[in-house]
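[1] Prediction below, plus the sequence it came from.
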Amino acid sequence: MNRQEAEVVLQKTFQIPHFYDEQWSTIEKLIRGERVLLIEKTGYGKSLCFQFPAILFSGTTVVFSPLIALMRDQARKLTSLGIPAKCINSEQTPEENSQIIAEAKEGLLKILYIAPERQENPEWMEATRDINLSMVVVDEAHCISVWGHDFRPAFKRIINLVRLLPKGLPVLATTATATPRVQGDIEKQMGGDLTVIRGNLMRDSFRLFVVKVDSEDEKLIWLGKNLEKLPGTGLLYNGTRMDTEIYAKWLDYLHISSIGYNAGMDVESRIAIENGLMNNQWKCIITTNALGMGIDKPDIRFIIHTQMPQSPIHYYQEIGRAGRDGEPAYIILFYHPDDRRLPEVFIEGGRPCIPKYERVIRAIKSELLGEKDLMRKTNLKQTQFRVIKADLIDQKIIREVTFDRHKKMEYIAGSPALNTASFDELRASKTNDLEKMLEYIDTTESRMKYLCTYLGDESKSAFHNCDNTGQKKIKVIVTPEWTQKLKDFRENYFPEIIVETKGSNLMNGVAGSFYGFSNVGAALHRCKYEGKGDFPDFLVWITVKAFRQKLGKGQYDVMVYVPPTVSGDLVKNFTEKVSLILNIPVSHKLRKQRMTCEQKIFENHYLKHDNVADAFIYDPAEEITGKNILLIDDIFDSGATVKEIGKYLTHLGAATITPLIIARTVGGDIHD
Amino acid sequence: MTNEAAYWITLAHIPGWGPVKVNSLVDRFVHEYNLTIEEFLDLPESDLMQFYGLEQKEIDELNAAKAEIPNNAFLAEQLQHEGYELIPITSADYPQTLKDNFKPTHSPSLLYVKGNRQILHEKSVAIVGSREASDIALEFTDHIAKMATRDFKVVVSGFARGVDKQALDSALKYTGQSIIVLPQGIMTFSTGFKTYYKQIIDGDVLVISTFHPRASWKTELAMARNTVIYGLADEIYVAESSDKGGTWSGVIDGLRKKRKIYVRKPEPDEENANDLLIEKGAHPVDLYGNLILDEAALKARELDAEYGIKILELLKSGEYTTKDILKRLEMNWSDNKLREFLKAQKEVETINKKPLRYRSKQLTLFD
């Protein structure tokens, strides 16, 4: 098939008149059964490079993609064009997925989208015996490489699969963001005859700004004053979930149409927000970088970062989601010198210390265990455990095997000792990337050119699309009126305690503050662990204020408090003070029926749960039946204790249990 | 080899082909034409007909199998991910014992293993017997496993109840090494991999299967597995056999192939077919594995021992050819037997004259 003939089909099937040159040369190679790595910017039309040949092949093209939203979106579009395409993902029911797998086995699908993690699924592996495979696509191929911005261990298996596929079976790997180093890594890992096709990465519709500020307040104030003046709708990226919550509340306080999003939300909420984004339901979505990858919205008009990403490649990837339609998009990065601390923590804290690795290796050597039992045995946080696990798998010290549908970690006999040099090398490389990000902030040259050069695009075009090359610089002007507004907001803002679940009468509650916010955490710490006496009164006041603001409308019959482990009567005395002010009686009858340890010594929720399971007793139980209870505690971290008490009191017949807490942590920031 | 896994899985399990046909093709493309398996499977039909003598029907079968290479790539990836290794017959890791015992033509074309591959190259002892073994058969098994372990030999067994299980457990009890030969596909052995996790990672156990990795247990597979057990072993000990079933047919097959097979001499009141196997040419051994000889054989052995002493005495007095020795001592040994005997004696040296002469080694006082 020559290009002319192909374009006839293209027009007929996709209603697109022509291919770009690089699209056609990719497609030509795939039709000949070759392997291609295609590096093109977001919005270029990479997907067409496999969608088109897929309809020519007799069998099914399997597309591995880490982005559920993208898979869903593309499958929908293809279906509307009359091309049978579906996606299998964890957000669908097992029945739906089974149905789609059955269709694939019967050869009813031209394109099947699938997450790399699915390689672990027995049903899918079973199905691979029968699928008539005509092409394999590895989307977001930079996820293969630890040198990229989004390394995903599940991609290792995809790479191994690609290496085992017979010659002559076409393979396409695509990415929008590969530095020369990442490109080299992909080539090396995919092995063999791989042609690299690289387009230019310049986005001349971007308007790039860097706003250097003197405080966090200035970011909030500038957004409050200017967000609504920006054209269209867009995204506001924060560095942490806590910031996401605070910025969302701030915009809400100012009645600016917006909504917060994070990866911890349930599937329905996330899909609702993603759909709302597509329909311009809000001016702005406030999010961590969990949102946006793979969302095919052509007209995102602005992307604002309140925290710089770890590297220019992260940044390019995140802003790449804006202005796909070629119309101008505002790309604004706030910067305060303290902002480098967060990425530094990520880089420094990205890897657990070596003894933790050794602890895991020892545990795996001694017994064949699954992740849950290993976490119990090693007392590691899930995030840390997963990093260790991925590294040990990568270094071929352990492997993950599936026996009777249960995953277990297996030690590899005769495997090498842990190689820590590679960790150091990776850390050095990330530190270097961070320096490059800071260089972007400080550069006086074209910002677009800076990013393109960093990404290995040496095109010579002239750029006039940033605040160094003709665009007016953004300055933050703080007025007393706005300072006051922000102060009012801060004094009336209380973090929510989200604990409602089915089968428990626990209600969502409130905390007086975040643990890390101003001096709250420090005050708690002094009293709990340095014996400085009762919690100071200001903690009573913020907690009472939080109660009045958020829970004041409710009726409460009695206050109970979480019985102490080590801190004596601090919470009891605190509860009595609050009780006097709120005029709700205190009950002292919630007790522990066995010793528990301090929750903070347990690093993961399995052990925290084990620690408090069935630990509480309320006697006489009849007293609690039908009552609306306010449950007081000092710190809310994993929530295991509150949930356990909620479960227990529900069981005793309590009508509602609502937590009122002094401080809530964010992502476990309570380590002393 | 790792990247060829999908091709090997494809070629090894073509329905109805079997190792003889596959191995002869492998032999050709590797040794005669110097091709990789990938290149072989990429050959045009005309070449397959002309150079490999395949008929149209076979080519159709091969094509049908080739269409599944991508599917087998998924399988190969899974095997690799879960730590199973493939050893095709062309690999240096393929056990020589297997090739020696079967002819190369009949050896399984592809082995699936997990565990310490090195074990495949050690001296090995198979212990076989029925699932419903008597206590004495199990005791025998324990003794043989102990003896094998002491001599650094690997115990090969089939992971059935009774003797097989005892052989494995005893070998491990005496901190020896063991090969488990599966009557099923290697991916269907979860329970075993869980049970022997420690021994596998410590390098003491190797699990091996010659069947499609996902094949489940079948009587035919169990029968075919028995021949692999015999094939992997340098010595074969039979603890107990009835007059039919796997052990019986395995031993009969082994005897037909002129394998040396030791069978436990049963007590008079035992009801099994051990004596029958001894009648058919298997060698009887006692509870500890010592060879039991009948009276004539014992007599002959005694006589031989006497001759041995006389020969060594004679050689102290000078140089003799074999002819001289036989004549002087009036022996009825064959010339060959005598040569073998002399070769085996440390204190005898051979003098390179024609015909060869022998004498006792001279102790030299001055070097």
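    Yep, it's here. Computed from a prediction, not measured in an experiment: that's the story for all the values here.
[2] anything in stretch B:189-198 near chain A?
    Yes. Stretch B:189-198 comes into contact with chain A (Cβ under 8 Å from any Cβ of the partner chain), by way of B:190-191, B:193-194, B:197. Placement of C-beta: from N, CA and C, glycine included.
[3] right, and residue A:607 touches residue A:379 too?
    Yes. The criterion here is Cβ atoms under 8 Å, and residue A:607 meets it with residue A:379 at 5.9 Å.
[4] Show me where the stretch 1-150 of chain A has its strands.
    Remark: strands assigned in the stretch 1-150 of chain A by DSSP state E, counting those that start in this stretch are A:35-39, A:60-64, A:85-88, A:111-114, A:133-138.
[5] Then chain B?
    B:85-88, B:110-115, B:124-129, B:154-157, B:178-181, B:205-209, B:235-240, B:261-264, B:283-285, B:348-351, B:357-360 (DSSP state E).
[6] Turn the ones you listed into JSON lines, including distance to residue A:226, mean neighbour count and mean pLDDT.
    Listed next are the strands of chain B as JSON lines, based on distance: least, Cβ to Cβ, whole Å; neighbours: other Cβ atoms under 10 Å in any protein chain shown; pLDDT from 0 to 100:
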{"stretch": "strand B:85-88", "distance to residue A:226": "62", "mean neighbour count": "22", "mean pLDDT": "96"}
{"stretch": "strand B:110-115", "distance to residue A:226": "63", "mean neighbour count": "25", "mean pLDDT": "96"}
{"stretch": "strand B:124-129", "distance to residue A:226": "80", "mean neighbour count": "29", "mean pLDDT": "95"}
{"stretch": "strand B:154-157", "distance to residue A:226": "77", "mean neighbour count": "29", "mean pLDDT": "96"}
{"stretch": "strand B:178-181", "distance to residue A:226": "72", "mean neighbour count": "27", "mean pLDDT": "96"}
{"stretch": "strand B:205-209", "distance to residue A:226": "67", "mean neighbour count": "25", "mean pLDDT": "96"}
{"stretch": "strand B:235-240", "distance to residue A:226": "87", "mean neighbour count": "26", "mean pLDDT": "95"}
{"stretch": "strand B:261-264", "distance to residue A:226": "91", "mean neighbour count": "26", "mean pLDDT": "95"}
{"stretch": "strand B:283-285", "distance to residue A:226": "95", "mean neighbour count": "19", "mean pLDDT": "93"}
{"stretch": "strand B:348-351", "distance to residue A:226": "105", "mean neighbour count": "14", "mean pLDDT": "86"}
{"stretch": "strand B:357-360", "distance to residue A:226": "109", "mean neighbour count": "18", "mean pLDDT": "88"}
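[7] Chain A is nearest to which of those?
    strand B:110-115 (7.3 Å; Cβ to the nearest Cβ).
[8] ok so, going back, now the strands of the stretch 1-150 of chain A as a markdown table including mean pLDDT and mean neighbour count?
    Supplementary listing: those in a markdown table, determined by pLDDT from 0 to 100; neighbours: other Cβ atoms under 10 Å in any protein chain shown:
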| stretch | mean pLDDT | mean neighbour count |
| --- | --- | --- |
| strand A:35-39 | 95 | 24 |
| strand A:60-64 | 97 | 25 |
| strand A:85-88 | 96 | 24 |
| strand A:111-114 | 96 | 26 |
| strand A:133-138 | 96 | 23 |
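[9] three-state assignment of the residue in the stretch 501-650 of chain A positioned nearest to chain B?
    Residue nearest to chain B within the stretch 501-650 of chain A (Cβ to the nearest Cβ): residue A:606, separated by 21.3 Å. At residue A:606, secondary structure determined by DSSP: H, G, I helix; E, B strand; the rest coil is helix.
[10] can you pull the contacts of it?
    Each residue near residue A:606 by Cβ atoms under 8 Å, 6 or more residues apart in numbering or on different chains is listed here: A:372, A:375-376.
[11] Quick check: chain neighbours aside, which residue is closest to whatever residue of the stretch 51-200 of chain A ends up closest to chain B?
    Residue nearest to chain B within the stretch 51-200 of chain A (Cβ to the nearest Cβ): residue A:128, separated by 3.7 Å. Excluding the flanking residues, the one nearest residue A:128 by Cβ to Cβ, 6 or more residues apart in numbering or on different chains is residue B:74, at 3.7 Å.
[12] tally of neighbours for that neighbour?
    23 (other Cβ atoms under 10 Å in any protein chain shown).
[13] Am I right that residue B:228 is in contact with residue B:182?
    No. Residue B:228 is beyond contact range of residue B:182, at 9.1 Å (criterion: Cβ under 8 Å).
[14] intersection of neighbour lists for these two?
    Residues touching both residue B:228 and residue B:182 (Cβ under 8 Å, 6+ apart) are residue B:208.
[15] that older thread, most neighbours of all the residues of stretch B:189-198 next to chain A, which one?
    Going by other Cβ under 10 Å, residue B:193 tops the residues of stretch B:189-198 next to chain A with 24 neighbours.
[16] per-residue confidence at that one?
    Listed pLDDT for residue B:193 reads 93.
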